[in-house]
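Asker: got a predicted structure plus its sequence, pasted below:
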Amino acid sequence: MGGNRSWVTEFILVGFQLSAEKEVLLFWIFSLLYVFSLLANGIILGLIYLDPRLHTPMYFFLSHLAVIDIAYATNNVPKMLANLVNHKRTICFVPCMIQTFVYLAFAATECLILMVMSYDRYVAICHPLQYTVIMSWRLCVVLVVTSWSCGFTLSVVHAILLLRLPFCGPRKVNHLFCEILSVLKLACADTWINQVVLLAASFFVLVGPLCLMLISYMHILCAILKIQSKEGRIKAFSTCSSHLCVVGLFFGIAMVVYMVPESNEREEKEKMLSLFHSLFNPMLNPLIYSLRNAQVKGAFHRALQKTRSM
């Protein structure tokens, strides 16, 4: 490195290139969606905590998914909202690295939690008589702790590899927040190790869990088709449909962002997909689980009745 190079102390988040009026409009829309996602996930957490009928492994995992969605959105959206009304769209080096670390940690953890939830549905439908024995609270805690540990360990590895790189300009991050692929493009050194580790991690938290989930749902489908009554088949499938919707949204977008080859139009598409991940996905998850789940709706109605009777 040359001695006349000045090291980057802050980055500029480019974001969307829109007029001031459109950015103000987006600020209010995104603010409402963000508040709604916090409220929706908060309600899910509250219902699971207060209603004893939801004290089951399935809702234990769902509570962790709600925590991840709240943290995931809070890591990215507030800074994004501030940049929509602030022309100086800078972020200091350390907060940028922290944002990248947290984003990767929660994204990887969500992948693994969704895989654990698919295993829970597999046991519930394919081995219903042994469900309470197999899905003991001890196993549930081990699965959750392992998911969080793996997610944060992978993120630590990415952070260490990222911090070893020199950043000496340019300093414009062509994204809505400090997303790792966009930050790597600004490094003044070869990033092939980072790219290889990122690809390997993508296989570990995306391809691997997705393959295991597909295997689980193949067994689930076979078990559902063996159920003789139509009502039984519908009830069994309804317990999995919400999870399938969430998996399709999350994994589909993540694989497009991190496993599709580079292209000239990819950066703008990544912004839209990352916006969906950070803002819309945390809002849609509780809606999908509440609107398509009779137990959650029942818990919500019971909570409302208790509130009215007080």
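Answerer: Alright, I've got the coordinates.
Asker: just checking, what packs against the helix or strand where Tyr34 lies?
Answerer: Element membership for Tyr34, per DSSP states H and E: helix 20-50. When contacts are defined as 3 or more Cβ pairs under 8 Å, 6 or more residues apart in numbering; DSSP states H and E, helix 20-50 packs onto helix 57-85, helix 281-291, helix 294-309. Glycine gets a C-beta too; all of them are placed from N, C-alpha and C.
Asker: would you list the ones you listed in JSON lines and tack on mean pLDDT, distance to Val35 and mean neighbour count?
Answerer: JSON lines is the format used below for these (pLDDT from 0 to 100; distance: least, Cβ to Cβ, whole Å; neighbours: other Cβ atoms under 10 Å):
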{"stretch": "helix 57-85", "mean pLDDT": "90", "distance to Val35": "10", "mean neighbour count": "21"}
{"stretch": "helix 281-291", "mean pLDDT": "77", "distance to Val35": "10", "mean neighbour count": "20"}
{"stretch": "helix 294-309", "mean pLDDT": "72", "distance to Val35": "19", "mean neighbour count": "13"}
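Asker: okay, those in a markdown table with distance to Leu162 next?
Answerer: As requested, those are exported to a markdown table (distance: least, Cβ to Cβ, whole Å):
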| stretch | distance to Leu162 |
| --- | --- |
| helix 57-85 | 16 |
| helix 281-291 | 24 |
| helix 294-309 | 39 |
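Asker: nearest to His219, out of those?
Answerer: Proximity to His219 (Cβ to Cβ) singles out helix 57-85 among the helices and strands packed on helix 20-50, at 17.2 Å.
Asker: pLDDT of the next helix-or-strand element following the closest one, averaged?
Answerer: As assigned by DSSP H and E, the chain's next helix or strand after helix 57-85 is strand 90-92. For strand 90-92, the mean pLDDT works out to 88.
Asker: tell me the strands beside strand 90-92, with direction?
Answerer: Looking at strand 90-92 with DSSP bridges, its partner strands are strand 10-13 (antiparallel).
Asker: between the helices and strands packed on helix 20-50, which one is closest to Leu161.
Answerer: Checking the helices and strands packed on helix 20-50 against Leu161 by Cβ to Cβ gives helix 57-85 as the closest, at 19.8 Å.
Asker: angle of the closest one against helix 20-50?
Answerer: Interaxial angle of helix 57-85 relative to helix 20-50 (axes from the mean of the first three to the mean of the last three Cα atoms, to 10 degrees): 160 degrees.
Asker: from the contact counts, what lies against helix 57-85?
Answerer: Counting by 3+ Cβ pairs under 8 Å, 6+ apart, helix 57-85 packs on helix 20-50, helix 93-126, helix 137-163, helix 281-291.
Asker: which one of these has the lowest average pLDDT?
Answerer: helix 281-291 (a mean of 77).
Asker: could you check how far Val14 is from Gln228?
Answerer: 58 Å (Cβ to Cβ, to the nearest Å).
Asker: neighbour-wise, which of the two wins?
Answerer: Val14 (16 against 6; other Cβ atoms under 10 Å).
Asker: and the closest residue to the more buried one other than its chain neighbours, how many neighbours?
Answerer: Nearest non-adjacent residue to Val14, counting by Cβ to Cβ, 6 or more residues apart in numbering: Asn174, 4.7 Å away. Neighbour count for Asn174, taken as other Cβ under 10 Å: 19.
Asker: same deal with Leu18?
Answerer: 12.
Asker: ok, Leu244 next?
Answerer: Count around Leu244 with other Cβ under 10 Å applied: 17.
Asker: now Val142
Answerer: With neighbours defined by other Cβ under 10 Å, the count for Val142 comes to 11.
Asker: which residue is the nearest non-sequential neighbour of Pro78?
Answerer: Tyr34 (7.9 Å).
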